[in-house]
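Peer 1: can you look at this prediction? I've put the sequence above it.
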Amino acid sequence: MKSVEEFMRHYFDERVIEEKRQQVSRAPFRRKFYADDCYFDSRIGNVELIQSEKVLMVSSSETKAEVITARENPFIPNSLHQFRYHLQVNDDDWQIQEVGMWCPGCHGEKGKDNCIFCHGTGWRERKTLKPS
């Protein structure tokens, strides 16, 4: 079985390939509906954004892992965004079960129970999203 780090490198590489494929397949649609200089919904910078993501920390057991990554928005220098991937072993390989984002409301500060985004966890994940 691949290490968590190898799995993540493979995932990042494949995600870049998939993003490029999707941009090519969307080109006829964009030509039909958008002016050449209209960047709305263009996904411009997505490849660079994906390529900038790096693993910061890995904690794992035999069957589960947590990976913290960071990436920089190519249009906003020094704007690091952190993500937390929850992985689980599936058929002798890793599989992503959940991805959380560093909380934009409290800037990842744990314990702020009044934060409307993360409710004190420091991370915005599907499991922390509560209906208003």
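Peer 2: Received it, and whenever you're ready, just let me know what you need.

Peer 1: excluding its backbone neighbours, what's nearest the residue nearest the centre of the chain?
Peer 2: Taking CA atoms, centre = their mean, the centroid of the chain lies closest to residue 83, which sits 5.7 Å from it. Distances taken as CB to CB, 6 or more residues apart in numbering place residue 69 nearest to residue 83, at 4.9 Å, with adjacent residues excluded. C-beta: built from backbone N, CA, C; applies to glycine.

Peer 1: quick one, strands of this protein?
Peer 2: For the chain, the strands defined by DSSP state E occupy 54-60, 64-72, 80-89, 94-102, 123-124.

Peer 1: pick the most buried one from those.
Peer 2: Highest mean neighbour count among these (mean count of other CB atoms under 10 Å): strand 123-124, with a mean of 20.

Peer 1: buried stuff in the helix ranked longest in the chain?
Peer 2: Looking across the chain with DSSP state H, the single longest helix is helix 4-33. Using 16 or more other CB atoms under 10 Å as the test for burial, helix 4-33 gives 4, 7, 8, 11, 12, 16, 19, 30.

Peer 1: by mean pLDDT, flag the weakest helix or strand of the protein.
Peer 2: Ranked by mean pLDDT, DSSP states H and E, the weakest helix or strand in the chain is strand 123-124, scoring a mean of 89.
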